[in-house]
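Colleague: Provided below for reference: sequence and predicted model.
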Amino acid sequence: MTMSTDLPDPKGVFVDFKRELNPEQLRAVEIMNGPVLVIAGAGSGKTRTLVYRVARLIQEGVKPDKILLLTFTRKAAATMLARASRIVGPQCQQVTGGTFHGFAHRMLRRYGHLIGYPNNFTILDRTDMLDLLYLLARQLELTGPGKQFPRKSTLASIVSKTENCGGYVSKVIEQNYPHLLGELPGLEKLVPVYRKYKKVHALMDYDDLLLRWRDVLKEHAQVRESMDSWFQYIMVDEYQDTNATQAEIVHLMACGHDNVMVVGDDAQSIYSFRGANFKNIMNFPDMFSRTQIIKLERNYRSTQPNLDCTNAIIANAKEKFTKRLTAQRKGGNPPYLYTAKDEVDQAKFVADRIQELLKDGFKPSDIAVLFRAGFHSFHLETELGSRGITFAKRGGLRLIEAAHIKDLLSLLRLLINPLDRLSWGRILLLIERLGIKSVEKIFSQLIKSEDPLECLSTYKTKAAWGETVRGLGSLLKRLHDMPADLPDLLLQLETWYRPHLEKIHHEDYPKRLRELAHLRGLSARYDDAVSMLADLALDPPDQEEMEKEKERLVLSTMHSAKGLEWKAVLILSLAEGRFPSPAASFRTKEIEEERRLFYVAATRAKDFLCFCYPAFISVSGTGLLPARPSRFLEEIPSDLLQLWKKGVDFQGSPGSDQTGPGIFTPGKRVRHPIFGPGRVIRDIGPKKIQVLFDVAGEKTLHLDYAKLSVIES
DNA sequence: TTTGCTTATCTTTTT
DNA sequence: GATAAGCAAA
């Protein structure tokens, strides 16, 4: 299977493309010129098609460095190129592959000077953006006593939407945040100030990377020309999750040859909150005339019953999608539905299933548990921990956003740019009895100085913190003048930071120290601090070591599960109030996206698929509340699901076989052998009641025939 | 000017 | 359950 590294010529390697691919995939792989749109359903061999396309191009003699492969994560590109290498040879590794943002960053380091950016600009990650916006809002006195100003994250969304939609704050507010119309004047002041601040201080947020790269391409014909002779073949994966700017970039980069292939699934568009527009994929043929459209509609991943169920989920979507999948695999069982008492019971159930699957010969890496939001897995994490099952968690909190990591990186940033207002704020506020006013004072001194670090090391003040501040100044000055290698540099910064860490996080500082050490280990891979900071912002490393993660059970948000597959998938907390996310509950557009998200999650499963629904969820403040099953679960016809049958312990459980008149009063939770759990709505006539079942809906039951039992709660 | 205490207000998803 | 704003006191 593995090719030796000294293959003379890729043309010499025999690959039977016809055998490896179905006719549609083969067509996509064989088209050598012009624009191609591949509409690929879930599990239709999309990745395989791209891998073979790369292999084919190289076999045809296209130079690997003339190929650009843009994917959603850097990992995805690396995996694809590794697979292509195994088919036609190691030269595939020279293909340029990565994310849009990463690629734009590289290009801007090279061409950014054309639009007035130095090549060592700093990337603002999400938290940096929030902090900066807040700082500027404060300086403009938009916030303060008695003033209601949008929360940080709302602020960031407004600014981001404004920049991505033509620059009109008023339009964004009217359309998306009508309740903030009162703040419009302030916001209209803030946006240009933010824009200017970034330019003056050489900062770029995530939107800027794409927008500014677009500007360079648009305004500088010579860059465009060097691009299209540089990359003769461009491929974009997950095209349904790109935004208008990305589409424009693709168009500009390919305008000399139109050899563009985009691949995506309109039913799996789940990133509109980030500005992605799934209409992009439909508009592709308008952007490139002569587009050839190929649909991949055979599903190789899932068994027929799983596919029937996922087809039913997406069939209810308001937008009509472009294709209908048919299964290539036979056999299998319908997905299971388990109704748990509450989230603790749900965690126990999932842990039981995992242990059972492992006993049946599944590897830990064959199994994944998916959920809507990071904190939904809380109970499960404790349960797995107590049973000694290790797992890798994807999504949710990021290492890079943790306070202690940000603190240390801020120190590093100050070495690169001693006038970084945000980093000074972060660091100086750590010092005892030094507050926001003093930071302003110090910073105004630094900005006037020729050598800010020197200035800080001789800073004059009567305050008690003077010595600490001067010490910091001379440490940074020394490190600045005598550059060490990165791990050593970080160690010295850490030595200064450590007392503050221990004081602020006295509860869990050992854990945080370990993470700092981990960061130091990571830093050995980089040549300089600038590229390390950029890389950490664009491609945040997982908390676990990569090697071990490959063999582990995965807990993941539904978003982070995109593009992956497992033999067994369990989906947690499919209850109203959890899924769809309550934040999305009122807008139909967002509900439709939640539905697509459910579709994405359910289509990750190859063989075993199980939905879990807790009858009670805990809500902040109020405590335990009864919850209805998710509306998306209710939409699935009941014959496409099977209820999970509890074993012996269910039949023997006390109280479950109580029957008789009078006990089925309205409001009681009951269980029916076929319809599962439900709630009695009303009594109608002698021995007849109406029950609203969680899954099957409303039914009228005759108590003489129906084998109902009361569920104890 | 800084800090500590109280209270209210949400809690998505991510390059 | 964290985070931020408001207020009083050191």
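Modeller: Alright, I've got the coordinates.
Colleague: is DNA strand B contacted by the helix or strand hosting residue A:82?
Modeller: Secondary structure assigned from DSSP states H and E places residue A:82 in helix A:74-88. No - Helix A:74-88 does not reach DNA strand B (CB under 7 Å from any atom of the strand); its nearest approach is 7.8 Å. C-betas here are computed from N, CA, C, even on glycine.
Colleague: that helix: what's the following helix or strand?
Modeller: For helix A:74-88, the succeeding helix or strand toward the C-terminus, using DSSP H and E, is strand A:96-99.
Colleague: now whichever helix or strand comes after that next one: mean pLDDT?
Modeller: Proceeding N to C from strand A:96-99, the next assigned helix or strand is helix A:100-111, under DSSP H and E. The average of the pLDDT scores along helix A:100-111 is 93.
Colleague: what helices and strands are in contact with helix A:100-111?
Modeller: If you count contacts as 3 or more CB pairs under 8 Å, 6 or more residues apart in numbering; DSSP states H and E, helix A:100-111 packs onto strand A:67-71, helix A:206-219, helix A:244-253, helix A:529-538.
Colleague: model confidence score at the residue in the stretch 551-700 of chain A that DNA strand B sits nearest to, please.
Modeller: Taking CB to the nearest atom of the strand, DNA strand B has its nearest neighbour within the stretch 551-700 of chain A at residue A:620, 2.1 Å off. For residue A:620, the pLDDT comes out at 72.
Colleague: coming back round to it: return the distance of the helix holding residue A:82 from the chain's centre.
Modeller: Distance, stretch centre to chain centre, for helix A:74-88: 21 Å (CA atoms, centre = their mean, to the nearest Å).
Colleague: try stretch A:555-568
Modeller: From the chain centre to the centre of stretch A:555-568 is a distance of 11 Å (CA atoms, centre = their mean).
Colleague: and for stretch A:353-364?
Modeller: Taking mean C-alpha positions (CA atoms, centre = their mean), stretch A:353-364 and its chain are 27 Å apart.
Colleague: low-confidence stretches in the stretch 51-200 of chain A?
Modeller: A:143-149 (pLDDT under 70).
Colleague: ok, the stretch 201-350 of chain A next?
Modeller: Looking at the stretch 201-350 of chain A by pLDDT under 70, you get an empty list.
Colleague: against which helices or strands is the lengthiest strand in chain A packed?
Modeller: Longest strand in chain A by number of residues (criterion: DSSP state E): strand A:605-614. Judged by 3+ CB pairs under 8 Å, 6+ apart, strand A:605-614 is in contact with strand A:298-303, helix A:304-315, strand A:336-340, helix A:343-359, strand A:566-571.
Colleague: and the first one, what does it pack against?
Modeller: Right, the one you point to is strand A:298-303. strand A:326-329, strand A:605-614.
Colleague: quick one: closest of the ones you listed to residue A:96.
Modeller: strand A:605-614 (31.6 Å; CB to CB).
Colleague: alpha carbons of that closest one, in CSV - could you do that?
Modeller: C-alpha atoms of strand A:605-614 as CSV (Å, rounded to 0.1, in the frame of the first residue of the first chain):
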residue,chain,number,x,y,z
ALA,A,605,-22.6,7.3,11.9
LYS,A,606,-21.8,4.3,9.8
ASP,A,607,-23.4,1.5,11.8
PHE,A,608,-24.7,2.3,15.2
LEU,A,609,-26.7,5.5,15.8
CYS,A,610,-28.4,6.4,19.0
PHE,A,611,-30.4,9.5,20.0
CYS,A,612,-30.7,10.4,23.6
TYR,A,613,-33.4,12.6,25.1
PRO,A,614,-33.4,13.5,28.8
